[in-house]
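Peer 1: Quick one, what's the 3D model for this:
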Amino acid sequence: MKTLITFLFTIVISIVFGQNEGVIAYSITPPDDNNEIYVINANGSGLTQLTFHEGRDAGPAWSPDASKIAFYVHSPDETKWSIFVMDSNGGNMQQLTNMENAFDNSPTWSPDGTKIVFAREYPLQNYLSEIWMMNADGSDQHIVCPDGGGPDWSDDGLTIAFHAQDTDDYEIYNMNPDGSGIQQLTFNDENDLWPDFSPG
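Peer 2: All right, here's what the predicted structure looks like:
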């Protein structure tokens, strides 16, 4: 099940609006499967390619002030996915994570723009997934939840929603940014995935 969900995640086109600029960032999958990050104005003008990696780029996430975009990159040999950050015009690209045999994905900014929460999956460990956090410059990387994926930070910065496996399916949970106070929110026999807080 985790392998299937991971596969589905990699082929979904990610679309994220720039909060302050009316610009949409998204990932295009061409015939050669080499995803790249693009931006386009909300009226369809100004299409611009931002990344030119050999590895696949996906999952763009705008910083709260729309000055930067975090995303993840598949290495060409698919042994790891790493979190990168760049300016909104594609400049000043920096690699923030670099863990072998780990799939880092789903970067999400804290409302004040100082931290990034992300999921880390281990393909050699039956796709065990953890939630990690780091400063926006990549420093102080640490685990905050030993089981979970798809994290999303609330606008008030007080909680992080995520999905995690509960026996045979996935449920939605909420927790404090330090990993404490975990609360299960959904209870059913279906896979509940990718929570997203409403703004405000």
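
Peer 1: Nearest residue to L47 in space, please, no chain neighbours.
Peer 2: Nearest residue to L47 in three dimensions, chain neighbours excluded: I40, at 4.7 Å (CB to CB, 6 or more residues apart in numbering). C-beta here means a position set from N, CA and C on the backbone, and glycine is covered the same way.

Peer 1: Settle this for me: that neighbour is touching G46, isn't it.
Peer 2: Yes. Using CB atoms under 8 Å as the test, I40 is close enough to G46 to be in contact (6.1 Å).

Peer 1: tell me, what's touching those two both at once?
Peer 2: Common contacts of I40 and G46 (CB atoms under 8 Å, 6 or more residues apart in numbering): V23.

Peer 1: do you know how far E36 is from N126?
Peer 2: 30 Å (CB to CB, to the nearest Å).

Peer 1: ah, wrong one, I meant Y170
Peer 2: Shown here: Y170 relative to N126, a distance of 15 Å by CB to CB.

Peer 1: hang on, the earlier thing: ok, E36 and N126, which is more surrounded?
Peer 2: Between E36 and N126, counted using other CB atoms under 10 Å, E36 has the larger neighbour count: 17 against 11.

Peer 1: Thought E54 was touching that one, still the case?
Peer 2: No. Between E36 and E54 there is no contact under CB under 8 Å: 10.5 Å.

Peer 1: With neighbour numbers in mind, choose between I40 and G46.
Peer 2: Neighbours per residue, other CB under 10 Å: of I40 and G46, the larger number sits with I40, 15 against 10.

Peer 1: tell me the contacts of that one?
Peer 2: I40 touches V23, I24, Y26, G46, L47, T48, counting by CB under 8 Å, 6+ apart.

Peer 1: Spatially, which two of those are the most separated?
Peer 2: Y26 and G46 (13.0 Å; CB to CB).

Peer 1: Mutual contacts of those two, please.
Peer 2: With contacts defined as CB under 8 Å, 6+ apart, the residues shared by Y26 and G46 are V39, I40.

Peer 1: From the chain's centre, how far out is stretch 68-81? Work that out for me.
Peer 2: Stretch 68-81 has its average C-alpha position 11 Å from the chain's average C-alpha position, going by CA atoms, centre = their mean, to the nearest Å.

Peer 1: Buried ones in it, by neighbour count?
Peer 2: Taking 16 or more other CB atoms under 10 Å as the neighbour-count basis, stretch 68-81 is seen to contain the buried residues K68, I69, A70, F71, Y72, V73, H74, S75, K80, W81.

Peer 1: Kindly report the same for stretch 113-121.
Peer 2: Taking 16+ other CB under 10 Å as the basis for neighbour counts, the residues of stretch 113-121 that come out buried are K115, I116, V117, F118, A119, R120, E121.

Peer 1: Secondary structure element holding the last one?
Peer 2: Put plainly, it is E121. Here E121, judged by DSSP states H and E, is contained in strand 115-122.
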